[in-house]
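[1] Curious how this folds, go ahead:
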Amino acid sequence: MTSLGSLTEFVASQDELLREAALTLPHEFSRCTYTLGPIRQAAYLCLTCQLPRGLCSSCSIACHTDHEQIELFPKRNFRCDCPTTVIPHGCTLHRSLEEENKENSYDQNFRGIFCRCGRPYDPKCERETMIQCLACEDWFHESCLHLRPRPSSREPSPVPEHEVTDHGNDTEDNQSEASSSGLPLPLISAEDYDAFVCSSCVRSIDILRRYAGTQGVIMVVRDTEDGSWRKLGDKPLCADAPTATGDDLLDIDDSLAAPGQKRSRSHSFHSEEPERKKQHISPEPSSPCLAPAPNPIAQAIFQGSQQLSDTKVPLAEGDVFLTEGWRERWCRCSRCFPSLSDRPYLLEEEETYEPPEDPDSALSLEELGMRALERLPRDRAIDGIRAFNDMRDDLLAYLRPFAQEGRIVGEADVRQFFESLHESRHTS
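    This next block holds a predicted model:
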């Protein structure tokens with residue numbers, strides 16, 4: 001702590017700290033979300049506890065304050081593990097001990113590993129923006145999505161065995177931007193898309209694989225191993241784009257894949273018993289298929305075969321970037337709709353739980369102290385007021401010579417006052 005020029009500056013600095021704290025933590029963290037059941041909510045991985053399990057926001061602050069944690073951001077169908085038998089550290093908010101959450105899915109993020117490269121996330125060293133998959137909710141480096149070269153300062157990523165993420169068991173924006181570390185602009189910027197889905201999820205979701213590479217469903221491809229990456233499907237949308245015929249329909253197994261949504265695009269709810277009253281969306285069985293004709297380049301990439309006459313199939317992972325308004329553009333015919341209805345987040349934006357706002361977050365320390373004093377029994381409150389008045393009188397007497405001589409009150413002076421006050425209490 002550096003010496004401050006005046007008491008006024010010190011008070012102003014404390015007020016600024018209080019304002020920053022209120023903006024950073026505007027919610028109250030007094031209730032564990034376990035009783036809400038499996039919901040989409042921010043999850044935190046506690047590295048100090050023995051098993052890799054997740055915590056809700058409240059438990060991460062109230063129960064595991066001094067533990068090392070990693071913020072995993074929103075996870076779908078997640079129930080807080082803090083009050084369960086798998087975490088030896090007792091929950092201070094939910095007193096009754098609960099059985100292990102059998103319905104929770106723990107992907108590689110719950111081992112502190114992210115992206116298809118399988119790297120742990122270190123916020124102190126990571127230079128790249130990471131992007132969350134809409135479906136599996138894993139996080140991916142921009143360089144692993146071929147949006148920009150890998151920064152030279154990063155260590156080489158380990159070679160994955162094949163696919164690290166287990167999808168079957170599983171800002172303000174999260175979109176790619178030029179970072180403050182001086183990296184070049186990405187191939188696809190934040191303004192170019194609204195949501196991202198990784199290649200593993202695209203390959204296991206019929207409707208996404210069908211639309212990949214068409215207008216508004218951008219892919220990143222290149223023609224040769226040493227060629228430049230380019231965008232596929234980024235042409236402006238037009239009303240007279242060709243649609244698919246019956247022969248174009250693909251028969252793709254979409255029984256796999258876990259669902260998801262970008263956290264910054266999601267609504268939130270605060271109710272202790274959230275009601276999911278959604279507008280009922282049904283297929284349009286009598287209407288023709290309005291899906292665009294499949295992009296032959298994208299389909300050849302997914303099928304890994306030579307389907308383009310006398311042309312090499314471009315190289316690509318198979319990730320897609322969905323542009324603004326993508327939910328309204330789906331075909332809802334009887335053939336396309338099942339792939340959507342199995343994953344409601346493709347049709348409607350999900351709600352993400354946030355703790356209720358703390359009504360005391362904007363109060364000053366003085367106001368909080370007075371509120372606490374009002375809740376005390378009368379005799380204890382009187383004793384507290386007397387003790388405060390005695391300390392105030394002692395402090396005024398201690399500071400009076402500084403004011404008379406125009407001296408600055410430093411940290412050592414403040415420490416000396418409280419040390420002498422502590423000693424006087426022990427001797428009295």
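[2] From here on, just use CA atoms for contacts and neighbour counts.
    Will do.
[3] what ranges of this structure fall below the confidence cut-off?
    1-7, 10-11, 14-15, 17-27, 152-181, 236-286, 305-313, 358-371, 428 (pLDDT under 70).
[4] All the helices of it, in order from the start?
    For the chain, applying DSSP state H gives helices covering 7-24, 57-62, 199-204, 206-211, 296-303, 337-341, 365-374, 378-405, 411-427.
[5] buried set for the longest one?
    In this case it means helix 378-405. For helix 378-405, a neighbour-count test (16 or more other Cα atoms under 10 Å) marks residue 399 as buried.
[6] Pull the distance from it to the chain's centre.
    Remark: helix 378-405 is offset 47 Å from the chain centroid, using Cα atoms, centre = their mean, to the nearest Å.
[7] Kindly report the same for stretch 96-113.
    Distance of stretch 96-113 from its chain centroid, counting by Cα atoms, centre = their mean, is 17 Å.
[8] what about the helices of the chain, which gets the closest to residue 31?
    Among the helices of the chain, helix 57-62 comes nearest to residue 31, with 6.3 Å by Cα to Cα.
[9] on that earlier part again, tell me which of the helices of the chain sits most buried.
    Counting by mean count of other Cα atoms under 10 Å, helix 206-211 has the highest mean neighbour count of the helices of the chain, with a mean of 24.
[10] Which strands or helices does that helix pack on?
    For helix 206-211, the contact count by 3 or more Cα pairs under 8 Å, 6 or more residues apart in numbering; DSSP states H and E identifies helix 199-204, helix 296-303, helix 337-341 as packing neighbours.
[11] Nearest to residue 426, out of the ones you listed?
    Here helix 199-204 is closest among the helices and strands packed on helix 206-211 (Cα to Cα), at 67.0 Å.
[12] Mind exporting the C-alpha coordinates of the closest one to CSV?
    Below are the C-alpha coordinates for helix 199-204, written out as CSV (Å, rounded to 0.1, in the frame of the first residue of the first chain):
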residue,chain,number,x,y,z
SER,A,199,-16.6,-30.6,-36.6
SER,A,200,-17.3,-33.5,-34.3
CYS,A,201,-20.8,-32.1,-33.5
VAL,A,202,-21.4,-31.2,-37.1
ARG,A,203,-20.7,-34.7,-38.3
SER,A,204,-23.1,-36.1,-35.8
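[13] export the helices and strands packed on helix 206-211 to a markdown table and tack on distance to residue 402?
    Output for the helices and strands packed on helix 206-211, formatted as a markdown table (distance: least, Cα to Cα, whole Å):
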| stretch | distance to residue 402 |
| --- | --- |
| helix 199-204 | 68 |
| helix 296-303 | 77 |
| helix 337-341 | 73 |
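[14] For residue 235, find the nearest of the ones you listed.
    Comparing the helices and strands packed on helix 206-211 by Cα to Cα, helix 296-303 comes nearest, at 14.7 Å.
[15] That closest one packs against which elements?
    The contact analysis (3+ Cα pairs under 8 Å, 6+ apart) places helix 296-303 against helix 206-211.
[16] who's in contact with residue 341?
    Residues in contact with residue 341 (Cα atoms under 8 Å, 6 or more residues apart in numbering) are residue 347.
[17] Any idea how many residues pack against the closest residue to residue 31 other than its chain neighbours?
    Spatial nearest neighbour of residue 31, chain neighbours left out: residue 93 (5.7 Å); criterion: Cα to Cα, 6 or more residues apart in numbering. By the criterion of other Cα atoms under 10 Å, residue 93 has 18 neighbours.
[18] Go ahead and confirm residue 93 touches residue 57.
    No: counting by Cα atoms under 8 Å, residue 93 stays clear of residue 57, with 11.7 Å between them.
[19] Which one of the helices of the chain lies nearest to residue 137?
    The nearest among the helices of the chain, by Cα to Cα, is helix 199-204 at 10.2 Å.
[20] pretty sure residue 317 is touching residue 199, no?
    Yes: using Cα under 8 Å, residue 317 makes contact with residue 199 at a distance of 5.9 Å.
[21] Show me the one of the helices of the chain that comes nearest residue 128.
    helix 199-204 (19.6 Å).
[22] How far away from the center of its chain is that closest one?
    The answer for helix 199-204 is 21 Å, by Cα atoms, centre = their mean.
[23] What is it packed up against?
    Helix 199-204 sits against helix 206-211, with contacts defined as 3+ Cα pairs under 8 Å, 6+ apart.
[24] Alpha carbons of the helix it packs on, as PDB, please.
    C-alpha atoms of helix 206-211 as PDB (Å, rounded to 0.1, in the frame of the first residue of the first chain):
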ATOM      1  CA  ASP A 206     -27.900 -34.300 -39.600                       C
ATOM      2  CA  ILE A 207     -29.200 -30.800 -40.100                       C
ATOM      3  CA  LEU A 208     -25.800 -29.100 -39.600                       C
ATOM      4  CA  ARG A 209     -24.000 -31.500 -41.900                       C
ATOM      5  CA  ARG A 210     -26.700 -31.000 -44.500                       C
ATOM      6  CA  TYR A 211     -26.400 -27.200 -44.300                       C
END
